[in-house]
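*Asks:* model the structure of this input:
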Amino acid sequence: MSVVADLAAYSTVAVQFIWVIGLAAFIVNRTPIGMNNLLEGPKKALISSYREVSFIIALVATSGSLYFSEVMMLEPCPLCWYQRIFMYPLVVLFLSSILMMRKDVQHYAVPMAIIGGGISAYHYAVQILVELGSGCSSGASCEAAHFMYFDYVTIPLMALTAFITILVINLKFTDEEKENQENGFEQLYSS
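*Replies:* Residues are numbered from 1 along each chain as shown. Sure thing, here's the model as predicted:
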């Protein structure tokens, strides 16, 4: 296909592999043998930079969708346009939260990631389960998978992976950051 499409597919699989590692670590930490010390480094890094990581993910997803439509000339279907409606503003939201040092971006990003992820999941289901049908009446067909890597990675799955990653990062590490700030505040005034 193209180097960019290959890179996007491999990146999607790599992120999904990281999800599996993270889920396994979460489960192991809940057992008596837990390995909390092993995960403290990556956890602290994400707590302090979850907005930056979310910005990079949204920027890469936006750039990828523009590359597919403007360079590879793949016409976006209606469901692709709806996904873009929820992904593109995330770039601006996260960039402005970084520049203005605002920590309340999750109030806006989480609903957008949930809705965009829902559309992506439906679009992926339409592509995989052809009998489902999408009802797209204009433009490119929503059922058409322009390419498929590893027998499961399509453009909607790439978007779904990005939306879920942004959602989890903002839900998990926003709470961790608040908890760390509260603990630091309590320690500051308890001594």
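
*Asks:* secondary structure element for the most centrally placed residue in the chain?
*Replies:* The centroid of the chain falls nearest to residue 162 when counting by CA atoms, centre = their mean (2.4 Å). Applying DSSP states H and E as the criterion places residue 162 in helix 155-190.

*Asks:* what about that helix, average pLDDT?
*Replies:* For helix 155-190, the mean pLDDT works out to 74.

*Asks:* and if you look at stretch 123-131?
*Replies:* On average, stretch 123-131 scores 83.

*Asks:* could you do stretch 91-104 as well?
*Replies:* When pLDDT is averaged over stretch 91-104, the result is 90.

*Asks:* what's in contact with it?
*Replies:* By CB atoms under 8 Å, 6 or more residues apart in numbering, the surrounding residues in contact with stretch 91-104 are 51-52, 54-55, 58-59, 62, 105, 108-109, 112, 174, 177. In short, each C-beta sits where N, CA and C put it, glycine included.

*Asks:* change it to 10 Å
*Replies:* Stretch 91-104 has contacts (CB atoms under 10 Å, 6 or more residues apart in numbering) with 49-63, 105-109, 112, 166, 170, 174, 177-178, 181.

*Asks:* now do the buried residues in it.
*Replies:* 91, 93-95, 97 (16 or more other CB atoms under 10 Å).

*Asks:* dump those to a markdown table, plus secondary structure and distance to residue 147.
*Replies:* What follows is the buried residues of stretch 91-104, written out as a markdown table (DSSP: H, G, I helix; E, B strand; the rest coil; distance: CB to CB, whole Å):
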| residue | secondary structure | distance to residue 147 |
| --- | --- | --- |
| 91 | helix | 24 |
| 93 | helix | 29 |
| 94 | helix | 28 |
| 95 | helix | 30 |
| 97 | helix | 33 |
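
*Asks:* of these, closest to residue 5?
*Replies:* The closest of the buried residues of stretch 91-104 to residue 5 turns out to be residue 91 (CB to CB; 20.6 Å).

*Asks:* distance of the closest one from residue 112?
*Replies:* 11 Å (CB to CB, to the nearest Å).

*Asks:* what do you get for residue 174?
*Replies:* 15 Å.

*Asks:* quick one: contacts for the closest residue to residue 110 other than its chain neighbours?
*Replies:* Of all residues not flanking residue 110 in the chain, residue 170 sits nearest, at 5.6 Å (CB to CB, 6 or more residues apart in numbering). By CB under 10 Å, 6+ apart, the contact set of residue 170 is 50-51, 53-54, 90, 94, 105-110, 113.

*Asks:* could you do residue 110 as well?
*Replies:* Residue 110 neighbours (CB under 10 Å, 6+ apart): 166-167, 170-171, 174.

*Asks:* so which of the residues you listed comes closest to residue 28?
*Replies:* residue 171 (20.8 Å).

*Asks:* wait, that closest one sits on residue 107?
*Replies:* No: counting by CB atoms under 10 Å, residue 171 stays clear of residue 107, with 11.5 Å between them.
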